[in-house]
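# What would the 3D arrangement of this be:
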Amino acid sequence: MAPSAISDTSAAGHSVQEIPTINGKEKTPLEAISQGDVLPGIPTFPTYAAERRHILIHMAATFRHWARQGFCEGQSGHISVRDPEFPGLMWMNPLSRHFGMLRAGDMLAVEIATGRIAAGNPNPATGLRTANAAGYWIHSAVHNARPDIHAVCHAHTRAGRAWSVFARPLDMITQDVCTLHDRHAVYSAYGGIVFAADEGKRIAAALGARNKAAILMNHGLITVGETVDEAGFLFGLMDRSCEIQLQVEAACASGNLEKQIISDEEAAYNCKMANEANVLYREAQGDIEYEIEAAGGEAAIAKGFETLQIDSQKA
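Residues are numbered from 1 along each chain as shown. The predicted model follows:
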């Protein structure tokens, strides 16, 4: 039997899909992805305390997922989330506590302007309240530069570090990476371990006013979002895309294979449908729910939250 011809369905002139509509109105990305009942988006809460509890539980679950993915590297790596009631505070993970052990009650509230620890329980291993100083300088700079975002994720993953040495953005070579089409940047400098404000400000400037991710040369990856769920999902997507890019580059090294790049028009369509905050929140829920279940349920992963006290006079 003769081999089948390859169907060229992506030839020049192939039109990009139209945004689906309902009753003459464009569907939201969640409506478009849902067949049957429409999936819920970012939840709302009756009180700041309820919202804070939800955020810190999901923050802890995101860290536990990171541990499962092998994103740990000693004491490196941090997530911050702006407090819903006191926007001058951001919640961060304690330094030197394994991602896979974190609970809501382990998180520390750090004053963005000064670095002061405004709330949090002592680390059970050290008896101290200690955040990552480099993390503070990076995250405070990003939160100051981007009032539109509420969460920042940064870690030193294997694939992220490997691709970062080329100081190149990711190619649009898969449907999934198109979520970051024209929404990720490259910080093509390296200023050493971040022990002062200047390097954090340069990273924030490289991220820019609208990007959701950046590749930090010789360093790692950073992502941002309206929720910790969004930023955490984008971080995993970014890391996997770096790994795929490295595999594709290695496969192409012989010169016998050629990358097929998704067109800007098609990539922009994918991004419009996949990069919306409610969709990205929902994308994260499978992993979040798995980690909550694996931890023993919501009460177990929320442990210690009830003892967290913010001094509202100083917040």
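
# What separation do you get for the most centrally placed residue in the chain and residue 151?
Taking Cα atoms, centre = their mean, the centroid of the chain lies closest to residue 231, which sits 2.4 Å from it. When distances are taken as Cβ to Cβ, to the nearest Å, residue 231 and residue 151 turn out to be 4 Å apart. (C-beta placed from N, C-alpha, C; glycine too.)

# which neighbours do the two share?
79, 224-225 (Cβ atoms under 8 Å, 6 or more residues apart in numbering).

# picking that back up, thought the residue nearest to the centre of the chain was touching residue 221?
No: Residue 231 lies out of contact with residue 221 (Cβ atoms under 8 Å); the separation is 11.1 Å.

# got the residue ranges for the helices in the stretch 151-300 of the chain?
Along the stretch 151-300 of the chain, counting by DSSP state H, counting those that start in this stretch, helices occupy 158-164, 197-207, 228-252, 264-274, 277-294, 298-301.

# Could you find the closest non-adjacent residue to the residue nearest to the centre of the chain?
The spatially closest residue to residue 231, leaving aside those adjacent along the chain, is residue 225, at 3.5 Å (Cβ to Cβ, 6 or more residues apart in numbering).

# what's near enough to touch the one you found?
Taking Cβ under 8 Å, 6+ apart, one finds 149-151, 212, 231-234, 277, 280 in contact with residue 225.

# quick check, nearest of those residues to residue 205?
Among the contacts of residue 225, residue 149 lies closest to residue 205 (Cβ to Cβ), at 14.7 Å.

# The closest residue to that closest one other than its chain neighbours: neighbouring residues, count only.
Nearest residue to residue 149, sequence neighbours excluded (Cβ to Cβ, 6+ apart): residue 224, at 4.3 Å. Residues near residue 224, counting by other Cβ atoms under 10 Å, number 26.

# Repeat that for residue 90.
Residue 90 has 28 neighbours, counted by other Cβ under 10 Å.

# Please apply the same query to residue 258.
7.

# now residue 144
With other Cβ under 10 Å as criterion, residue 144 counts 14.

# Where does residue 140 sit, in terms of helix or strand?
Element membership of residue 140 [criterion: DSSP states H and E] is helix 133-145.

# quick one: residue 40 from residue 142, how far?
Remark: distance between residue 40 and residue 142 (Cβ to Cβ) = 28 Å.
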